[in-house]
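# this one's structure only:
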């Protein structure tokens, strides 16, 4: 057994099940390190997670980061997992020294920059990848793409997971009418667009349909003002951040669909894990989890930033409500096969059992 050390910039709440399960399985052979806040100030560490604190020191207007305290592990004989992010300068030093001394260092993260494999900045990410003993990416698609570029590198996929497989249960509701958004209330997630689009579609959907918005962020005040201005207080509910599983389960049960008005993130697998289809903005710079979406099977796409196209997609859901409700079990099962906490954790447990 090799000790497994994971060093993160932050530990958001959604990571808690994965790290808790790793701790339960590996016990004293697992150590977790993290700072308190991300490059984006809206993403912070959940202090309820058991971890060793290190200090994130940002510079050049929060474009780059040095993690004070991370370097103490540089000579550790176990396996260290670092973020695959060139902007974390301390990771470069850890990678280089451990490469020269023959120690196992794994990179975990997006295979490519946000602009894709053709991005001009990928040469930096590629330099990091070459220094790593192994690479863990978020999707099988990324694994296959990266394997073509680096055929001799050990690359595995650990699809992002939020729930245990036992928690992924679709509960049928005979008449789910609500629409659900779960995510940060920030501009690139476009929750304000969703509220405007919902207001435009009110005449065409059931009168008891409510838009439930779960999350917090800088757009919350503008959205609240719009709700008041348009008299939408009975139709649009700002619920704030919700992490309680039973509350989320109830919200999804009563929703005919969820929506990703901006780029898709982890909320897609959360929605599918409850068997609820998602309406998705088509031409966004989506996170890797978009590979879980199959148009007409578990999702419906609309033309990005187009109010009319959103309305048409929403009506496709309502016009075929019975079919979508009947699909909930299959949507859930499809998600459970690929996006469970158990499946994700098993990838990291394998690192602790490696001898070389």
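Thanks, I have it. Keep in mind the model is a prediction, meaning the values are calculated, not measured.

# neighbouring strands for the helix or strand that contains residue 179, and are they parallel or not?
Of the helices and strands defined by DSSP states H and E, residue 179 is found in strand 178-182. Take DSSP bridges as the rule and strand 178-182 pairs in its sheet with strand 211-214 (parallel), strand 255-260 (parallel).

# the protein: helices as residue ranges?
Secondary structure of the chain (DSSP state H): helices at 16-26, 89-100, 122-131, 140-149, 191-201, 220-229, 245-253, 267-273, 307-319, 321-326, 328-338, 341-352.

# can you list contacts of the shortest one?
Put plainly, it is helix 321-326. For helix 321-326, the external contacting residues (CB atoms under 8 Å, 6 or more residues apart in numbering) are 172-174, 176, 256-257, 277, 317. The way it works is simple: take the backbone N, C-alpha and C, and place the C-beta from them, glycine included.

# let's have the residues you listed in a markdown table, adding distance to residue 26 and pLDDT.
Supplementary listing: those in a markdown table, determined by distance: CB to CB, whole Å; pLDDT from 0 to 100:
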| residue | distance to residue 26 | pLDDT |
| --- | --- | --- |
| 172 | 38 | 73 |
| 173 | 39 | 71 |
| 174 | 44 | 74 |
| 176 | 40 | 94 |
| 256 | 41 | 97 |
| 257 | 39 | 98 |
| 277 | 36 | 98 |
| 317 | 43 | 97 |
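
# what residues does the strand holding residue 179 touch?
Counting contacts by CB under 8 Å, 6+ apart, the residues touching strand 178-182 from outside are 191, 194, 198, 209-215, 242, 248, 251-252, 254-259, 261, 267, 270-271, 276, 314.

# check stretch 6-13 too.
When contacts are taken as CB under 8 Å, 6+ apart, the neighbours of stretch 6-13 outside the stretch itself are 15, 19, 22, 30-39, 43-46, 48-49, 51, 54, 56, 65, 67, 70, 73, 80-83, 85, 88, 91, 94, 108, 243, 348.

# weed out the non-buried ones from the residues you listed.
When the contacts of stretch 6-13 are checked for burial by 16 or more other CB atoms under 10 Å, the buried set is 15, 19, 22, 30-35, 37-39, 45-46, 49, 51, 54, 56, 65, 67, 70, 73, 80-83, 85, 88, 91, 94, 108, 348.

# select from these every entry located in strands.
Among these, DSSP state E puts 30-34, 56, 65, 67, 80-83, 108 in strands.

# got these as CSV, with pLDDT columns?
Formatted as CSV, those follow (pLDDT from 0 to 100):
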residue, pLDDT
30, 97
31, 97
32, 98
33, 98
34, 98
56, 98
65, 97
67, 98
80, 98
81, 98
82, 98
83, 98
108, 98
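
# and the furthest pair within those?
Largest separation among these by CB to CB: 30 and 65, giving 23.6 Å.

# show me this structure divided up by domain.
Following automatic domain parsing, one finds the domains of the chain at 4-161+340-352, 165-338.

# any regions of the protein where pLDDT drops low?
Low-confidence segments of the chain, defined by pLDDT under 70, are located at 354-356.

# which residues touch stretch 85-101?
7, 9, 39, 63-68, 70-71, 73-75, 80, 82-83, 104-105, 107, 109, 121, 124-125, 127-128, 131-132.

# just the buried members of those residues?
In terms of neighbour count (16+ other CB under 10 Å), the buried residues within the contacts of stretch 85-101 are 7, 9, 39, 65-67, 70, 73-74, 80, 82-83, 104-105, 107, 109, 125, 128, 131-132.

# centre-most residue in this structure?
residue 266 (3.0 Å; CA atoms, centre = their mean).

# and it, what does it touch?
With contacts defined as CB under 8 Å, 6+ apart, residue 266 is in contact with 14, 160, 162, 287, 289.

# ok, residue 107 next?
When contacts are counted by CB under 8 Å, 6+ apart, residue 107 is found next to 81-84, 95, 128-129, 132, 134-136.

# format those residues as JSON lines; extra columns: distance to residue 232.
Shown next, in JSON lines, are the contacts of residue 107 (distance: CB to CB, whole Å):
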{"residue": "81", "distance to residue 232": "45"}
{"residue": "82", "distance to residue 232": "45"}
{"residue": "83", "distance to residue 232": "40"}
{"residue": "84", "distance to residue 232": "42"}
{"residue": "95", "distance to residue 232": "51"}
{"residue": "128", "distance to residue 232": "47"}
{"residue": "129", "distance to residue 232": "48"}
{"residue": "132", "distance to residue 232": "50"}
{"residue": "134", "distance to residue 232": "50"}
{"residue": "135", "distance to residue 232": "46"}
{"residue": "136", "distance to residue 232": "43"}
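
# one step back: just the buried subset of the contacts of residue 266, please.
Among the contacts of residue 266, those classed as buried by neighbour count (16+ other CB under 10 Å) are 14, 160, 162, 287, 289.

# for residue 187, state which of these is nearest.
Top of the list for closeness to residue 187, among these and by CB to CB, is residue 287 at 16.0 Å.

# ok so, going back, take the ones in strands among the buried ones among the contacts of stretch 6-13 and lay them out in CSV including distance to residue 1.
Compiled in CSV, those are given as follows (distance: CB to CB, whole Å):
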residue, distance to residue 1
30, 10
31, 13
32, 17
33, 19
34, 23
56, 30
65, 31
67, 26
80, 15
81, 16
82, 21
83, 24
108, 20
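
# against residue 67, how distant is the most far-flung residue of the chain relative to its centre?
In the chain, residue 101 marks the outermost C-alpha relative to the chain mean, sitting 33.9 Å out by CA atoms, centre = their mean. Using CB to CB, to the nearest Å, one obtains 20 Å as the distance from residue 101 to residue 67.
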